[in-house]
Structure formats: structure tokens, C-alpha cells
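*Asks:* Sequence plus predicted model, see below.
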Protein chains: 2
Amino acid sequence: MRSLCVDLGQRSYPIHTGTGILADPSLFAPALSKGPVAVVTDSNVAPLYLETLQKTLKALDKPSLTIILPAGEESKSLDNIQEIAGRLLSAGYGRDCTLCALGGGVVGDITGFAAAVYQRGVAYIQVPTTLLAMVDSSVGGKTGVNHPLGKNMIGAFYQPQAVIADTDTLDSLPEREFRSGLAEVIKYGLINDQGFFSWLEDHMDAVLAREPDALTKVIRHSCKDKADIVARDELEGGLRAILNLGHTFGHAIEAATGYGQYLHGEAVAIGMVMAADLSRRLDLIRESEQDRIYALVKATGLPTLAPALPVADYLGFMRVDKKAEEGRVRFILLRGIGSAVITGDVPPAAVTQTLQAFMEHGHA
Amino acid sequence: MRSLCVDLGQRSYPIHTGTGILADPSLFAPALSKGPVAVVTDSNVAPLYLETLQKTLKALDKPSLTIILPAGEESKSLDNIQEIAGRLLSAGYGRDCTLCALGGGVVGDITGFAAAVYQRGVAYIQVPTTLLAMVDSSVGGKTGVNHPLGKNMIGAFYQPQAVIADTDTLDSLPEREFRSGLAEVIKYGLINDQGFFSWLEDHMDAVLAREPDALTKVIRHSCKDKADIVARDELEGGLRAILNLGHTFGHAIEAATGYGQYLHGEAVAIGMVMAADLSRRLDLIRESEQDRIYALVKATGLPTLAPALPVADYLGFMRVDKKAEEGRVRFILLRGIGSAVITGDVPPAAVTQTLQAFMEHGHA
């Protein structure tokens, strides 16, 4: 088991990674408030890991309530915040309770937000069970739910007391979801960590075979990269936006296809390939660097082409993205592998060329 | 016009009090973000002051959207958060927008919470139009909505950019609501400010006549007392709880009577009289002090007796109060006029005696 710390002053918290740690009460104990615990999970994860977690909490003499949401993005709603709060109120839970998010990004996001707003804030622990949640959504304190008019439009920045990532839970992860999570892993190399990117180029086979040492390295390194960036910019004032590499294009792809056709990581993978292409068009990176990025995304088994749709559709969805400022789209671009730059100043023609170049049947 | 500052480091903000300041663009300008503005108000307040505020914003060249909620506590719901977010999203409002809460406590609480969670947080300004909102709810950053199972059970601590309290708006306030607001004013004297309490004893006639100088003094002094306490304990870790003097009994009275029978301040007034009685029973204050407190509440025209209900009913509602810890009720008591103490250690028999002593037809 290995641990690292997200350094946010009074809101600092540890990230524990390792095998079998879901069953280790000593990791949970310091993160729990004085009162009772509520485990929030979903219908996919509950049959697999809920019993283990409940045993761990029982060993700590913690009464615990279980709230099982239907699996899927639709559960990330304000209605379910009302539902979770209702369950907690009915059980008489006060401000000294702790919520425990057992699951992937959806469970983590809604549980974190429920914790942020229940009685104006209670403690919570992230127990991610997908690669994406381990390397991305469980770290950094972004919580929230969807609005019918936009994803993640209602939420809060709210940090957990601890992240406890048991790599054993990845055994049950479907291959496509696993690869999707690797898109965010590649992202960390691209924006912040040239050495890690090179390591991924050399070890992608071992990672895809889910060799325990390779997995631990991947999760640990990704969490550390993200934690460092979050520590420097907790509330997304500036720097933190580099974590959105590939996400401006990616969100547009998800939105244009109505969500569900592409997994988030798949859309981000295409988005990163597009961001690399746009960076090269603006002479920020060399063609050889673009080729390496394309090759690694390919080697990971991730898609590199967006569906053929009118360019105007994609542009429209980019403009309503949360990160747009005064209607202006901000792009995260690369000025080399391991170095990202944020800019609102990109010629529209170049964006169009990039979109056309990476559309199915649309290689211009 | 007079201003004071709530000192919360990076989250500090000014409170402006005076006549006619709703029409002063220079007070709004520094509190607005770069983007557009949305004014949230209710059906009672809109016909009275919306036009003035819109003119002020127009003078600043700020496009502004208006969201008018039905007047009343029922509007403080998660459904209305979804509604407000929907209106903002439809209008293309991004993170750089500013919400403006024009109204009483209900409008302030829901608008502040909407600002806290819309796109994970946007700026907001409190423009209170009731005495209660001016001296209490608009200061301190407590925001939230009600849950069917409990008031204010979903919310956040989230500070505004400014509080702009135009005392002219009090002209339209019904007498009963005005007196209800004075309960919180008396509270500040009791918990923190013996001199202010004495001043209120001497000047209650002028205050009740709404003499402008007396009003300004009352609002300014109350805001300053609250701001000082909030600055010392933003997230209600301990000290801030003294602001709840009278509220443990008061919430129980509101809940036991199904809300609506008593205004919040009326219930708090009875609660303060009860807290004084309980303090005297525990030998924390003298009988002469208790008498002064009772006399001032009476002189303000506020009620001092709770409806005759089984004591067990009141005790039950006290136990589910948000401030209860591990099922234990915490009381805010007085150890003199101007000095409050927080304790979880009160003999149940004394609480019962106090409840019986201040129930209608129940003077034991």
C-alpha cells in the first residue's frame, strides 16, 4: 500500500492506493467523523464490493446506512440529492456523519456533492472502483450533478477526507472502461510529465495486461500529477484548466453524439489527438511529437476519430462549455510533450481544419 | 451611507447601509463579475423595488435577467435551484455572471445557494429588503433550501461579494415582520453587546417608530456584531453557534406548530425568553437580568409564550435540530447580559421546567 497527500492546507487529505485496502479499517478510521456512516453506491458496484466495505466499517463499530442508486449517468441529478438527504434525515444523521462514495465517477460526483450540501457540509470519503475515478474524478474535489440543460452544471468544489483506491476492484472493470480510464492517464503525461509519457510508451502492454506493479505505478503517478496541479489551483482560477486537455473537443463530441455513444475517456482521447493536431498547426509542437501522441492513443486501443457531423455542430457545443469565457472558447494546447498552455486566442480556421482532419471518412 | 467590512481574508466583503442606496451604481459596480447579472426576487418585492434595481444595473451597462419566485417559504426548494439554473443556462450565463438577491431571507437564502452551486460557484450580492434579512440572514454566508423533512437541511456556507441594505425598503415592511426582525437585534445585545442591549432598552420607542437614525444604528450595530462573530468562526466550528441563542427552543416552536403560525423572529423571541429562564434556573444569570430580558422582549411587542403542547413534542423537535450532536441537544445560554455560553450539559428536568413555565395557560 502506498499513500500520498493532496496538499491543500487545512483541507489536505491522503490518497491510499494498493491491493486489498478496502478491507483495511485502519485507513478508514482517521477519515471518519464522530457520527454514523452512509455508504452511497450503485446497482452495479453494490453486489461486488459493498459487503467488504460494510465489514470494514463494522470492525470500526460504525453504524452504516446504504444508499444504492441505479447505475448510470442519469443518477447524477438534483432529485437524487433530495433523495440522499431524505434518507440521511430519516435516519437522524447530523453534521457529524460521514458519507462514503463506493463506485465510479457518477457515484463519486453525486456523493461528494451530497456531502457538500447536506446540512451545509459533512465529511466524505472517496472509494473509487473504476480506473477513471481512481486517476481523475476522485481527486481534486470537483463534485456535482447534471442539469437537464448541461452536464455538471450544478456542483461545488468540496474536498474528501481521504481517497481509498483498492486496485483489486479494477479486476471486474470491463476492458472498454479500463482503456477509457487510460485516456486521462495519458493526459497527465502530456500536460505535466514528459518522463511519465515516455514510461507509458514503453510499458503500455504491461498496463493493458493489468500487471499489478504497472497499475500501481499508473494510478500513483496520475494521482500525484493531479494532486500537484490541484494543490496549486484548488478553485480552477487558472492553471488547473490544463487538466482539461482534450476536454473542449471531447465534451463537444459527447454532446454532439447525445452522450452514451462514446465513453468520457474515449471522447477525451479523440480530443487530445485533436488538441495535438491544433497545437502542431499553430507551430507549438513538432510533427514528430504529434505522431508520438497519436501512436500512444492508438496503442492504448482508444479511438482517434470523431463521428462525421457538421463542423458548426461541434463549434456550437464548444461555445456552451462551462470553461468558455464571455462566449469565447478557451483551448488547452501543448507546447511540447509534458507542457500545456491555456489560450483563448486560436484562429477559427485552424479549429475547423482540425475538426475536419479527425472526422470519420473526413480526413481532409 | 455607512459601510463596514466582514473580515474573512480573501472572502471579505462590505456591508453598505443607508437610505436610497439601491439607486447608487457605485456601490454595485465593485461587487459585479465581468459577465451579466441575474436578479432573483419574489412576487411581493418585485412590484416595489425591482425597477429601481434594474435602472441601477442599466446605468452600469449590465444586461440583466429577472427571476421572480412566488413569495413565501415554499420557494426555498431544490426544485427552484433547478429552475434558477435552467434560466441561467438558457440565457447562456457562464461562471462570470453575478446573481443579485433582492428580497427577504427566503430570496437571500435560495439565491446565495444557487450562486454557491451554479457551475460550482458564481458571485452574488445580497440586497435585503426586510429587517430580518438586513440584520441577520444576509450577513454570514449561510445559504440553503428546505427539504421536505427539515428546514435549511440542504445548503452551503458561501459568502456574497457585498450586502447593500437600503433602509428605505423597510418603509413597506408590515409591522409584525418589522417587530419579528427586532428579535434578532435584541439577540445581538444579549450574546455579545451589553451596551447595545441597554441602548435598546432606552430607545425601543424610537426604533418602533422607525426613526431613520435609530434604524441605521440598529442595522449597523447588528451587522457589526454578526460580522465580528462570523469572522471569528466562518464555518460554525464553535463560537458562531452563539448566534443561535433562542433558536433551539425557537425552531422547536416553529416545527411543533407546523411553521407559519409564528414568524421566525417571534419564535426566537419566545426562545430567548426561555433561554434566559433556563440560564437563571442553572444560576448563570440573576433574576433581575432575566426580568430585563423579558421586559425588553415585551416592550418590542414580541410574544413570550409558546403554545400549550406536550413537552415531549418540543423535546422531540429539539433533538432533530441541525445543531444537535450525537443526538444531544446543545443549548446557548447566558451568563449575563452580553455574554453567551454553549453547552450540551443541561439537566433535562430544567429544560422541562422552562418549557412548562412559558407555555400558554401553562405557567407552572
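*Replies:* Thanks, I have it.

*Asks:* how about the residues of chain A that lie near chain B?
*Replies:* A:34-35, A:78, A:81-82, A:85-86, A:89-90, A:92, A:94-96, A:113, A:116-121, A:142, A:144, A:147-150, A:152-157, A:235-236, A:320, A:322, A:324-327 (Cβ under 8 Å from any Cβ of the partner chain). Every C-beta, even on glycine, is put in place using the N, C-alpha and C of the backbone.

*Asks:* Among the residues you listed, name the buried ones.
*Replies:* Buried members of those, scored by 16 or more other Cβ atoms under 10 Å in any protein chain shown, are A:35, A:78, A:81-82, A:85-86, A:89, A:94-96, A:113, A:116-121, A:142, A:144, A:147, A:150, A:152-157, A:236, A:320, A:322, A:324.

*Asks:* the helices in chain A, which residues?
*Replies:* For chain A, applying DSSP state H gives helices covering A:25-28, A:46-59, A:78-90, A:105-117, A:131-132, A:175-192, A:194-208, A:212-232, A:247-256, A:264-281, A:287-299, A:311-319, A:348-357.

*Asks:* okay if I get those helices as JSON lines plus distance to A:Gly338 and mean pLDDT?
*Replies:* Converted to JSON lines, these look like this (distance: least, Cβ to Cβ, whole Å; pLDDT from 0 to 100):
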{"stretch": "helix A:25-28", "distance to A:Gly338": "32", "mean pLDDT": "97"}
{"stretch": "helix A:46-59", "distance to A:Gly338": "35", "mean pLDDT": "97"}
{"stretch": "helix A:78-90", "distance to A:Gly338": "39", "mean pLDDT": "97"}
{"stretch": "helix A:105-117", "distance to A:Gly338": "26", "mean pLDDT": "97"}
{"stretch": "helix A:131-132", "distance to A:Gly338": "22", "mean pLDDT": "94"}
{"stretch": "helix A:175-192", "distance to A:Gly338": "6", "mean pLDDT": "96"}
{"stretch": "helix A:194-208", "distance to A:Gly338": "3", "mean pLDDT": "97"}
{"stretch": "helix A:212-232", "distance to A:Gly338": "10", "mean pLDDT": "90"}
{"stretch": "helix A:247-256", "distance to A:Gly338": "18", "mean pLDDT": "92"}
{"stretch": "helix A:264-281", "distance to A:Gly338": "13", "mean pLDDT": "96"}
{"stretch": "helix A:287-299", "distance to A:Gly338": "10", "mean pLDDT": "97"}
{"stretch": "helix A:311-319", "distance to A:Gly338": "25", "mean pLDDT": "89"}
{"stretch": "helix A:348-357", "distance to A:Gly338": "21", "mean pLDDT": "94"}
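
*Asks:* Nearest to B:Leu263, out of those helices?
*Replies:* helix A:78-90 (24.3 Å; Cβ to Cβ).

*Asks:* Can you tell me who the nearest residue to A:Val346 once chain neighbours are set aside pairs with across the strands?
*Replies:* Distance criterion Cβ to Cβ, 6 or more residues apart in numbering or on different chains; nearest residue to A:Val346, sequence neighbours excluded, is A:Phe331 at 5.2 Å. Legend: beta-bridge partners of A:Phe331 under DSSP bridges are A:Thr343.

*Asks:* what residues are up against A:Phe331?
*Replies:* A:Thr248, A:Ala275, A:Leu278, A:Ile342, A:Thr343, A:Gly344, A:Val346, A:Val351 (Cβ atoms under 8 Å, 6 or more residues apart in numbering or on different chains).

*Asks:* what does A:Asn80 give?
*Replies:* Counting by Cβ under 8 Å, 6+ apart, the residues that A:Asn80 touches are A:Leu69, A:Ile110, A:Val145.

*Asks:* Show me which strand runs longest in chain A.
*Replies:* Counting residues, the longest strand found in chain A (DSSP state E) is strand A:150-157.

*Asks:* Can you tell me which helices and strands it packs against?
*Replies:* Applying 3 or more Cβ pairs under 8 Å, 6 or more residues apart in numbering or on different chains; DSSP states H and E, we find strand A:150-157 packed against helix A:105-117, strand A:142-147, helix A:247-256, helix B:78-90, helix B:105-117.

*Asks:* nearest to B:Gly260, of these?
*Replies:* In terms of Cβ to Cβ, the element of the helices and strands packed on strand A:150-157 nearest to B:Gly260 is helix B:105-117, at 12.9 Å.

*Asks:* Pull out the buried positions in that closest one.
*Replies:* Here helix B:105-117 shows B:105-117 as buried, counting by 16+ other Cβ under 10 Å.

*Asks:* Distance check, the residue in the stretch 101-250 of chain A that chain B sits nearest to against A:Leu282.
*Replies:* Residue of the stretch 101-250 of chain A nearest chain B, by Cβ to the nearest Cβ: A:Leu149 (4.2 Å). Note on A:Leu149: its distance to A:Leu282, by Cβ to Cβ, to the nearest Å, is 32 Å.

*Asks:* Which parts of chain A belong to which domain?
*Replies:* A:2-172, A:175-357 (automatic domain parsing).

*Asks:* Comparing those domains, which comes out most buried?
*Replies:* Among those, ranked by average contacts under mean count of other Cβ atoms under 10 Å in any protein chain shown, first place goes to domain A:2-172 (a mean of 21).

*Asks:* need the contact list for the nearest residue to A:Ala59 once chain neighbours are set aside.
*Replies:* Distance criterion Cβ to Cβ, 6+ apart; nearest residue to A:Ala59, sequence neighbours excluded, is A:Pro25 at 4.5 Å. Contacts for A:Pro25 (Cβ under 8 Å, 6+ apart) come out as A:Thr56, A:Leu57, A:Ala59, A:Leu60.

*Asks:* rerun that using 6 Å as the cut-off
*Replies:* A:Thr56, A:Ala59, A:Leu60 (Cβ atoms under 6 Å, 6 or more residues apart in numbering or on different chains).
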